[in-house]
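Trainee: Any chance you can model this:
(2 chains, ligands or ions: 2)
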Amino acid sequence: MEIAEKAVFTGMERPRFKLKSRMKAKADPGTGAKVWQKTLPYCMVLPAMLIFGVFVIYPVFYMVYVSFFDWNMIADMEFIGIENYIDMFTDKDFWLVLGNTFQFMLMMVPASIILSLLIALYLKKNTRINRWIQNIMFMPNIVSLVSISFIWMWMMDENRGLFNYVLSLFNISPVNWLGDPDVAMFSLVLVNIWKSLGYYVLIIVAALQGIPGYLYEAAALDKSKPITTFFKITLPMLSPTLFFLVLTGIIGSFKTFESVSLMTAGGPADSTNTLVYELYQQGFVYYNTGYASAMGVVLMVLVGAMTLVYFTVLQKKVHYQ
Amino acid sequence: MKKIELEQVSKFYEKDVPIIEDLDLGIEEGSFTILLGPSGCGKSTTLRMIAGLEEVSGGTLKIDGRDMKNVQPGDRDIAMVFQNYAIYPTMTVRENIEFGLKNAKIPKAERRKRIEEIGGITGLTEYMNRKPNALSGGQRQRVALARAMVKNPQVFLMDEPLSNLDAKLRTQLRTELIELHQKLKSTFVYVTHDQVEAMSMGTHIVLMRDGKVMQQGTPEEIYDDPDNVFTAKFIGTPPMNVFRAEACPKSWKIPEQAHYIGFRPEHVRFFRPETESIELEGRIITREMLGAEILYKLDTPYGFLQARDYHTADKHEGNVRLWLSRGELCFFDSQENRIRSHMEEY
Ligand SMILES: Nc1ncnc2c1ncn2[C@@H]1O[C@H](COP(=O)(O)OP(=O)(O)O)[C@@H](O)[C@H]1O
Ligand SMILES: [Mg+2]
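Mentor: Ligands and ions are numbered 1, 2, ... in the order given. Okay, the predicted model is just below:
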């Protein structure tokens, strides 16, 4: 027993121990088999845990660690305590970026959920045409956001874009979709809604179809008007699904990056600069690695808090069954 | 007076596949009418057409003499209890019961009074603020009943409301439903495939098969005077014994056009009756002592039969002699329909 344990824990002189443990196992198959039985599951999850550890756990801890240093990825790391955090929280750019991120979220999440809910209610009936519409709507989701961004950039071009061409047909003066600080964020939200709408609709349609039909029959017998039925039956029944979509939507908004990077580069005048884009700039353009790490920690706390909210509420409230 | 009338009603889900064809049915005001029949015969469909949840494909459906075409389910003055209860899972018991009242714009004070009263009747008072998932099956069924009762409807429609409950609770709720019907004096239409339930609860039974009415009448009429072999065999535990006429000896003096002979298990006697009778021999296969009666399964030269004997002190074994009173025999023709003219012949 003792030897077998050592064999597991000491890497050195492995052949000798292995031999001994094998001999022992032969003499007493009971203990050897037992140890093997206990260690086998750990051996089997080890590769996965290693990958998880190396690529998830370690970077997270390293990020927290780096956030206490002044570092540019090349020179020596200099410990500066919480100075990065002080810098960040006293920098008005950080608050601007955080504000932009919330602005993006506050436009993106309600609009995409309400819009997809309306579409889903329309597509609820499982007909062939509806399935087709749903499939087509889902397509933007499998296309890379990079390609989508380029197409939309073309459509939103001030001089040669489709949008302004259509507006000109109605004699409306052209809009600088991505160049006007008052409009650019809205344009980004539009692109992101367009991309994720199909996914939202898919999930909500599935949830709608999961509501048993007899509830609607009971409601009809209870003299319920369509609007009452929607607010008293459909919406409550959808609440777990909608809650999931809201939370993942919020988290996704916090992390929004590609469209900002490709379509506006945070501009004009930082009007579309979001948390992750600023983090990227700090980390990989200005090489303020410590400062970027501190931003990363803030982002992680925000996302983590949302996730925590999700699981706590899910366990308690939104669940009705 | 007829409360609900179906005239030549038919129902198609798909073209050329009639589920119900030319159904004529009258449901008396204040009756406890049972739609009875094997699974898939169209009972639920009929009930759902009355409720307005299913469109009537042909014919007319009237409630209180009024054509119900284009009348919404909520405007038919009916309440329905579903087989799976169909309670709103996101609402509390109180909200479930109150929902219909609110929609009918009944004032708050009145709502509260009615809910309190119904809560007392159904024994739900202490569960009013619970969500349905925190209730047992029997309690959920009571919520479904309370939700129907609180609306004071003219007609109660129930689709196998007891079939998801265990046997004991089922018997108990059966009695409660009978009492409820007597108290409310409204019209009950109750769907079941269980003939025991039908016989024990109904004041009127409509026996259906393949979307057609096989026979309707009081439980006594249906039991004592079946119109056809199907009814004879569907009603009664054990059902009526039916022999093929051609297998039976000439000495039984069976009417010429009769193809089937039926008799109830309790009409099989182990002694010679006073009245004109037929005598046959049989061998006892099984004997089931049920307390007040004994059920025998016997093998005879004309087929198997079941007998019910109330003389529990007597024990019959092996080969026995049996007597059937001629007046208690039912004859059926080649179409399995009852021949009633023989009554006069004898
Ligand atoms: N929505 C539907 N679409 C197509 N066929 C149906 C539908 N509902 C019921 N049916 C068919 O109608 C017949 C009668 O059904 P139902 O009235 O539910 O029978 P029961 O209640 O007597 O068991 C069955 O053959 C069933 O398959
Ligand atoms: Mg049914």
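Trainee: got a list of what the nearest residue to residue B:150 once chain neighbours are set aside touches?
Mentor: Of all residues not flanking residue B:150 in the chain, residue B:118 sits nearest, at 4.7 Å (CB to CB, 6 or more residues apart in numbering or on different chains). (C-beta placed from N, C-alpha, C; glycine too.) Counting by CB atoms under 8 Å, 6 or more residues apart in numbering or on different chains, residue B:118 makes contact with B:97, B:124, B:146, B:149-150.
Trainee: cool, residue A:182 as well?
Mentor: residue A:271.
Trainee: Kindly report the same for residue B:32.
Mentor: B:178, B:181, B:188, B:190, B:201-204.
Trainee: ok, back up a step: helix, strand or coil: sort out the residue nearest to residue B:150 for me.
Mentor: helix (DSSP: H, G, I helix; E, B strand; the rest coil).
Trainee: Is the spatially most central residue of chain B within a helix or a strand, and which one?
Mentor: Nearest to the geometric centre of chain B sits residue B:198, at 2.9 Å (CA atoms, centre = their mean). Using DSSP states H and E, residue B:198 maps to helix B:195-201.
Trainee: Could you give the separation of that helix from the chain centroid?
Mentor: 5 Å (CA atoms, centre = their mean, to the nearest Å).
Trainee: So which elements touch the helix or strand following it?
Mentor: Using DSSP H and E, the helix or strand that follows helix B:195-201 in sequence is strand B:204-209. Strand B:204-209 sits against strand B:17-28, strand B:32-36, strand B:212-217, helix B:219-224, helix B:229-234, with contacts defined as 3 or more CB pairs under 8 Å, 6 or more residues apart in numbering or on different chains; DSSP states H and E.
Trainee: Now tabulate the contacts of residue B:118 in CSV and tack on neighbour count.
Mentor: Output for those, formatted as CSV (neighbours: other CB atoms under 10 Å in any protein chain shown):
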residue, neighbour count
B:97, 28
B:124, 22
B:146, 24
B:149, 22
B:150, 24
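Trainee: who's in contact with residue B:48?
Mentor: Neighbours of residue B:48 in contact, by CB under 8 Å, 6+ apart: B:54, B:159.
Trainee: Please disregard the earlier target; I meant residue B:44.
Mentor: B:159-160, B:191.
Trainee: picking up where we left off before, is it possible to export the contacts of residue B:118 to JSON lines including secondary structure?
Mentor: Below are these laid out as JSON lines (three-state DSSP):
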{"residue": "B:97", "secondary structure": "helix"}
{"residue": "B:124", "secondary structure": "coil"}
{"residue": "B:146", "secondary structure": "helix"}
{"residue": "B:149", "secondary structure": "helix"}
{"residue": "B:150", "secondary structure": "coil"}
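Trainee: Looking at the residues you listed, which is nearest residue B:104?
Mentor: Closest to residue B:104 out of the contacts of residue B:118 is residue B:150 (10.3 Å), distances taken as CB to CB.
Trainee: so what's the backbone phi/psi at the closest one?
Mentor: Per-residue torsions, residue B:150: phi -60, psi -20 (degrees, to the nearest 10).
Trainee: My read is that it contacts residue B:97, right?
Mentor: Yes: if you go by CB atoms under 8 Å, residue B:150 and residue B:97 touch, sitting 5.2 Å apart.
Trainee: list the residues that contact both of these two?
Mentor: Shared contacts of residue B:150 and residue B:97, defined by CB under 8 Å, 6+ apart, comprise B:115, B:118.
Trainee: Can you tell me which residue sits nearest the middle of chain A?
Mentor: Chain A, centroid-nearest residue using CA atoms, centre = their mean: residue A:252 at 3.8 Å.
Trainee: Which positions in the stretch 1-150 of chain B make contact with ligand 1?
Mentor: B:13, B:19, B:37, B:39-45 (CB under 6 Å from any ligand atom).
Trainee: Show me the strands in the stretch 51-200 of chain B, by range?
Mentor: B:58-63, B:66-67, B:78-81, B:155-159, B:187-192 (DSSP state E, counting those that start in this stretch).
Trainee: For residue A:197, which non-adjacent residue is spatially closest?
Mentor: residue A:116 (5.5 Å).
Trainee: quick revisit: can you point out the buried residues in the helix holding residue B:198?
Mentor: B:195, B:197-199, B:201 (16 or more other CB atoms under 10 Å in any protein chain shown).
Trainee: biggest separation within those residues, which pair?
Mentor: B:195 and B:201 (11.0 Å).
Trainee: buried residues in the lengthiest helix in chain B?
Mentor: As assigned by DSSP state H, the longest helix anywhere in chain B is helix B:167-184. Neighbour-count burial for helix B:167-184 flags B:170, B:173-174, B:177-178, B:180-181 (criterion: 16+ other CB under 10 Å).
Trainee: just the angle between that helix and strand B:187-192, please?
Mentor: 160 degrees (axes from the mean of the first three to the mean of the last three CA atoms, to 10 degrees).
Trainee: and helix B:167-184, C-alpha only, in CSV?
Mentor: In CSV, the C-alpha atoms belonging to helix B:167-184 read as follows (Å, rounded to 0.1, in the frame of the first residue of the first chain):
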residue,chain,number,x,y,z
ALA,B,167,-57.6,4.1,-7.3
LYS,B,168,-58.6,5.2,-3.8
LEU,B,169,-58.6,8.9,-4.6
ARG,B,170,-60.5,8.1,-7.8
THR,B,171,-63.3,6.4,-5.8
GLN,B,172,-63.4,9.2,-3.3
LEU,B,173,-63.6,12.0,-5.9
ARG,B,174,-66.2,10.0,-7.8
THR,B,175,-68.5,10.3,-4.9
GLU,B,176,-67.7,13.9,-4.5
LEU,B,177,-68.5,14.6,-8.1
ILE,B,178,-71.9,12.9,-7.7
GLU,B,179,-72.7,15.1,-4.7
LEU,B,180,-71.4,18.1,-6.5
HIS,B,181,-73.8,17.5,-9.4
GLN,B,182,-76.7,17.0,-7.0
LYS,B,183,-75.9,20.3,-5.3
LEU,B,184,-75.2,22.4,-8.3
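Trainee: helices and strands around it, which ones?
Mentor: Counting by 3+ CB pairs under 8 Å, 6+ apart, helix B:167-184 packs on helix B:137-149, strand B:187-192, helix B:195-201.
Trainee: Try it again at 7 Å.
Mentor: If you count contacts as 3 or more CB pairs under 7 Å, 6 or more residues apart in numbering or on different chains; DSSP states H and E, helix B:167-184 packs onto helix B:195-201.
Trainee: what is the mean pLDDT for the helix it packs on?
Mentor: Computed over helix B:195-201, the mean pLDDT rounds to 92.
Trainee: cool, stretch B:325-335 as well?
Mentor: pLDDT averaged over stretch B:325-335 gives 89.
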